[in-house]
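>>> fold the stuff below for me.
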Amino acid sequence: MFGYMGKLLFIDLDTNKIEVRDLKESDARSFIGGPALGARILYEEMPANADPLGNDSMIGFVTGPMNNTHALYGGRYTVVNKSPVSGTWNDANSGGTFGSCLKKAGFDAVFVRGIAKTPVYIFIDSGTAEIVDASDIWGHTTLSTEEILREKHGEKINAALISPAGENKAFLSCIMNDGHRAAARGGCGAVMGSKLLKAIVVRGEQKTPVFDDARILELNKQAAAFIKGPAKPITESFSNYGSGEWYLGAVLMNDPSIKNWTGSPTKDYPEEVAANVTSQSFDHTRVKKYHCTNCPIGCGAFHDLPSERWSFVHSPRPEYETMGAFGSHLLNGDIESIFRCNELCNEYGTDTISTGATIGWAMECFENNVLSEDELDGIQLRWGDREAIVAITEKICKGEGVGKILMMGSQAAANHFGKGFEYLVTANGIEAPQHDPRLFYGLMRVYQYDPSPGRHVKGGLGFAGSHMSGHNIDYRGTGYQDSLGVTRRELTNASGFCFAGEIRTPPGYNIDQVEAVTGFRFSPPERHALGLRMYTIRHAFNTREGLRRKDFKVSKRLYESNPPFEGPIANIKVDKELLADNFFNAIGYDLDTVPLKETLQNLGDLDFLVDDFYPPPEE
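Below you'll find the predicted structure:
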């Protein structure tokens, strides 16, 4: 089998059983890898309605066929689990080098169930695995943990690990790799922490067999020419400044949240403030670029940013989402504090999007006398107060004081205090990303109804469906266009490609590379069916949990502009249910979000779902 190591690793921490299984070629062809292959495995291996933090719960680390090959942009892997936040399917994607290193160690994926009796980590070395005591690294932060692991196992290891936030089972916790790359959102770090699993450590130099290496290299040449040609304007800037390159323009469009989704750039977060945060404003402090595996762009960077209040040594550059979460969302125009919050989240393993969003919720509660200074440990959590923002971030990351409540996210905090519900901005309990669906209305269906809710990197109409001031939203044809976006992005995520590279390659590059690497061949209709099949297996996990359309809820602020009363998104109301109707009709689901029997049959390789959802009548 080409493009795969052909091996899956299963570990039960209850019994310390280590099992190596062959990857079925039929599963590889039908689900490719990443979140879709992970969903196929967890659907079969993990019982329905399992407690996300219990013994029956499983967590998987899944690569794609592009990992550990010459294919450009093939550096991403996926963590899969049931979310303790939303109770839904959850997949979290990360870059760096871990995905390729896992395959070099001999496996396409690792799945872990059970709960260890004491802290452990899993060491995978060139096709073998062992469970190792982790007592000496439990409690250590990200970089400290990596340093100790390298002292033990050599410099050539890589690790996906949790820091104290994950150990505390914080719903805001994420899984870190390469020091500053994160598989975040949905509480995947908490699931890992609930198993007393500190890290997956990998080492090896095995090669992934490919079907046609010459074709892979030829496609890379075409991609390089595209980067130097049509994609040059959007590539050079992205390479120099990263995802924060467009932060200023995005603020002026009212794309990132301003004042917990109630503000406007004209009134609350003007251009002169936002300009202090955008990547260009601190580029003079850049000391080194960072590239994920096989990335020709290198959108990451490290900076030396001296500060009288906080010292920084070689700190990674905040991404756009982090700038929004700790910047405009909190009316904070101080870049030093944003760097500090980013550094804290990396070291303690918390998701910057949900951490900043939870602080924004608490700020609005404080502003409206819903939460008192005493309830916030004496912190006067006012809009734009950089000292207060860093102080509360540190409490959340360390799980100290009120941070022990806030580290579970805004929904859980509102439940704990029994108030502040009107200030929540969530999708099924998960804090919304820093892109406003009142502007990019195509995101509304994705936020609410993707199997992993509240994500901006999932497929659909997405950013292509935008409302600019003076234009009405045209819902005609959105379902079909939405479905095309799903099929493209499902392939990107499953194969191990970076979605930021997706728009910087020639049309068809991703599927052509998948065929060159694996030897699989897909006709145009099969390509569409492949994408919908991968979406459907993720969605089927939720369907089996008993979740239906009524169970997927979003906050009103995400689809109706009241407030804000001015600015680019004033007086907007997105018909989120019509968007959903159009989408589910287009992909062959009923309007309660259950795939039709004929849809499952037509997509192919989903007979097990037909049996589960449409069992024959009893005689």
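
>>> quick check: residue 62 touching residue 108?
Yes: using Cβ atoms under 8 Å, residue 62 makes contact with residue 108 at a distance of 7.3 Å. Backbone N, C-alpha and C define where each C-beta goes, glycine included.

>>> neighbour count winner among the two?
When neighbours are counted by other Cβ atoms under 10 Å, residue 62 comes out ahead of the other of residue 62 and residue 108, with 31 against 27.

>>> quick one: that one from residue 205, how far?
According to Cβ to Cβ, to the nearest Å, residue 62 and residue 205 sit 21 Å apart.

>>> residue ranges with poor pLDDT in the stretch 401-550 of the chain?
Within the stretch 401-550 of the chain, the stretches with pLDDT under 70 are 467-471.

>>> strands of that one, start to end?
426-427, 430-431 (DSSP state E, counting those that start in this stretch).

>>> out of those, flag the one nearest residue 200.
When the strands of the stretch 401-550 of the chain are compared by Cβ to Cβ, strand 430-431 sits nearest residue 200, at 23.9 Å.

>>> need the contact partners of the closest one.
For strand 430-431, the external contacting residues (Cβ atoms under 8 Å, 6 or more residues apart in numbering) are 83, 85-86, 185-186, 353-354, 357-358, 361, 409-410, 425, 453-454.

>>> next one: stretch 612-619
Contacts made with stretch 612-619 from outside it, assessed by Cβ under 8 Å, 6+ apart, are listed as 540, 543-544, 594-595, 597, 600.

>>> check stretch 267-286 too.
240-242, 244-248, 251-252, 258-259, 263, 265, 301-305, 317, 323, 327-328, 331-335, 338, 564, 566-567.

>>> phi, psi for residue 612 please.
Here is the backbone geometry of residue 612 (degrees, to the nearest 10): phi -70, psi -40.

>>> next, count neighbours for it.
When neighbours are counted by other Cβ under 10 Å, residue 612 comes out with 15.

>>> repeat that for residue 207.
The criterion is other Cβ under 10 Å. On that basis, residue 207 has 11 neighbouring residues.

>>> what's the burial count for the closest residue to it other than its chain neighbours?
Among residues not flanking residue 207 along the chain, residue 68 sits closest, at 7.3 Å (Cβ to Cβ, 6 or more residues apart in numbering). Close neighbours of residue 68, defined as other Cβ under 10 Å, add up to 30.

>>> tell me which element residue 68 falls in.
Here residue 68 sits in a region with no helix or strand, counting by DSSP states H and E.

>>> distance of it from residue 99?
Residue 68 is 8 Å from residue 99, by Cβ to Cβ.

>>> doesn't residue 35 fall inside a helix?
Yes: judged by DSSP: H, G, I helix; E, B strand; the rest coil, residue 35 forms part of a helix.

>>> hang on, it packs against residue 538?
Yes: in this structure, residue 35 is within contact of residue 538 by Cβ under 8 Å, at 6.0 Å.

>>> who touches both of these two?
What both residue 35 and residue 538 touch, as defined by Cβ under 8 Å, 6+ apart, is the set 91, 452.

>>> which ones are touching the nearest residue in space to residue 198 that is not next to it in sequence?
Excluding the flanking residues, the one nearest residue 198 by Cβ to Cβ, 6+ apart is residue 134, at 4.0 Å. Counting by Cβ under 8 Å, 6+ apart, residue 134 touches 118-121, 196, 198-199.

>>> rerun that using 6 Å as the cut-off
Residue 134 sits next to 119-121, 198 when contact means Cβ atoms under 6 Å, 6 or more residues apart in numbering.

>>> what of residue 510?
491-492, 497.

>>> please identify which of these is nearest to residue 532.
Within the contacts of residue 510, the smallest distance to residue 532 is 10.8 Å, found for residue 491 (Cβ to Cβ).

>>> out of the contacts of strand 430-431, what pair is the most spread apart?
83 and 361 (18.8 Å).

>>> mark which of the contacts of stretch 612-619 are buried, thanks.
540, 543-544, 594-595, 600 (16 or more other Cβ atoms under 10 Å).

>>> good, wrapping up.
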